[in-house]
Structure formats: C-alpha cells, structure tokens
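In: attaching a predicted model along with its sequence, questions to come.
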Amino acid sequence: MTARKPIPRLAQMKVEPNISLYDRTVKDTWRVFVIMSELVESMDALSDYQVLVPIFGSARTKPSHPSYKSAEKLAALLVKNGYGVMSGGGPGIMEAANKGAAEAGGVSVGLNIELPVEQHPNPYQNVKLDFRYFFLRKVCFMKYAVALVAYPGGFGTMDEFMEVLTLIQTHKTNRIPLVLVGVKFWGPVVKWFKNTLLAEGMISPEDLDLFKLVDTPEEAFTYITRFHNAVGIRGTEK
C-alpha cells in the first residue's frame, strides 16, 4: 500500500497568498475578534447616516468617460435631495460618486478595502472607513442602503450586483430600488436573464422586476425617488 503524501503547509507552497485571511500563523479563534472589532467600528461610524445610496462600478473608468460623468452627476442629484452617497472609496466610478457628493456639499462615504492592485483611496471622502474583509464591507453596504446603483464594471461590480439581487429575491433584505445604469453595457446581461435564466426556469418572471435598467443619471434618480415616495422614505439632510 502506497503511503499518502503529506499535505504541504501553505508556507511551503510556491504560490504566495496575497490576502491576509490565509495567514495561518494567526489562529482562527483570535481572528474572530479582529472581525468583530472591524464590524463594530464600521457600524458605529455609519449608524448616524440612515439614507445612504451605494454606487458601484469599475475602478478603471477614467474621468473623461461618460459613465464617470454620469455617476458624478447622479451623486450630486442625490445629496441635493437629502441622500448620502456611499462607494468603495477607490478610483473610477467610486471616485466619481464620492466627488459628485462631496462637491455638492453632501455626505460622501468611502468603504475602502485592502487590495494588492487597483485600489487606492480617492480624495473625495468625508466619511472614510477601511476594511480588511470583503464580506464585512458588503454587510455595511447593504445594512445602510436605501437604494443601490450599479454602473458598468468588472467582476467586483458583477459580484456586488448579483449578491444584492439575490438578497432581495430571497427576502433576506428589504426591497429597495436596484438600478443598472448603462443600457449598452447592461442590456445584454438583462437579455440573457430573460432568454436563458427565465426561459430555462432558473428564475421567475417577477424576478425581472427586482431591478431597473436606465441610461441616464436623471432616470436613475427619478426611479429611486418615485420608489421611495411610494413607500414613504425621504431623503434626510445630516
């Protein structure tokens, strides 16, 4: 009988992990306290802001891009009507959202994450939090959101949109307006939802009503405010 080879320790493997979660030198039981402290600190800081609208999108979007200008304008519209704006705190669409909110004199929240590439804090945050763990950052995005807006983006944006959509679909969070901005970008995704997911019975027809596809910041703002007016939510100045 051939003896089993021992499983290599992570420190002996050639691929170096770049995420602190894989640091096995710290026992998982102690890591729980790190997680707790990060969650308590972030919830304490955000609890004063009750009408926040997270705006997601690509970190690679340049200031000259129409999506950047659109997100900046939407953020300004929101804060001028009593909402606060929240982003991932980085460049691209996140920067546009924070910039539009800050320059319009409103609450501009950035939930920053430690990443090896593409993430550096933008200078337009007047409420700034730092996270080590993606899942805690997502908890804070959802807990304090009264609406969510997704601009064109990559894997991270898709992940955030799909997770929020799933939470709403499964009634694990309250129904809030979920908006996709950019018909050219999101249109094929929505078409796939209809022609594949719905056609094969993977989702229900009413699931397609859980989000709204628009093309302009004005349309996004109108959808959010009409939704809130119908359920009695109002923007509140801080």
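Out: That came through fine. Quantities reported herein were computed from a predicted structural model and do not represent experimental measurements.

In: what number of residues lie near Phe33?
Out: Around Phe33 there are 9 other residues, counting by other CB atoms under 10 Å. The C-beta positions use only the backbone N, C-alpha and C, and glycine is treated the same way.

In: again, but for Arg60
Out: For Arg60, the neighbour count with other CB under 10 Å is 13.

In: wait, isn't Lys128 in contact with Gly90?
Out: No - contact criterion CB atoms under 8 Å: Lys128 and Gly90 do not qualify, at 11.6 Å.

In: of those two, who's got more company?
Out: Gly90 (22 against 16).

In: in the protein, which spans are helices?
Out: Secondary structure of the chain by DSSP state H: the helices cover 28-46, 66-80, 93-103, 134-143, 155-169, 183-192, 217-231.

In: so how far is the longest one from its chain's centroid?
Out: Right, helix 28-46. In terms of CA atoms, centre = their mean, to the nearest Å, the gap separating the centre of helix 28-46 from the centre of its chain is 19 Å.

In: what's the answer for stretch 80-99, then?
Out: 11 Å.

In: straight-line length of it, end to end?
Out: End-to-end distance for stretch 80-99, by CA to CA, to the nearest Å: 13 Å.

In: again with stretch 161-178
Out: 9 Å.

In: now it: buried residues?
Out: Using 16 or more other CB atoms under 10 Å as the test for burial, stretch 161-178 gives Phe161, Val164, Leu165, Leu167, Ile168, Ile176, Pro177, Leu178.

In: please apply the same query to stretch 138-153.
Out: 138, 140-142, 144-153.

In: so which of those is the closest to Lys172?
Out: Within the buried residues of stretch 138-153, the smallest distance to Lys172 is 9.2 Å, found for Met142 (CB to CB).

In: hang on, the closest one packs against Leu165?
Out: No - at 11.6 Å, Met142 and Leu165 do not qualify as touching, with contact defined as CB under 8 Å.

In: output the contacting helices and strands for the lowest-mean-pLDDT helix or strand in the chain.
Out: Ranked by mean pLDDT, DSSP states H and E, the weakest helix or strand in the chain is helix 28-46, scoring a mean of 84. Counting contacts by 3 or more CB pairs under 8 Å, 6 or more residues apart in numbering; DSSP states H and E, helix 28-46 is packed against strand 127-131, helix 134-143.
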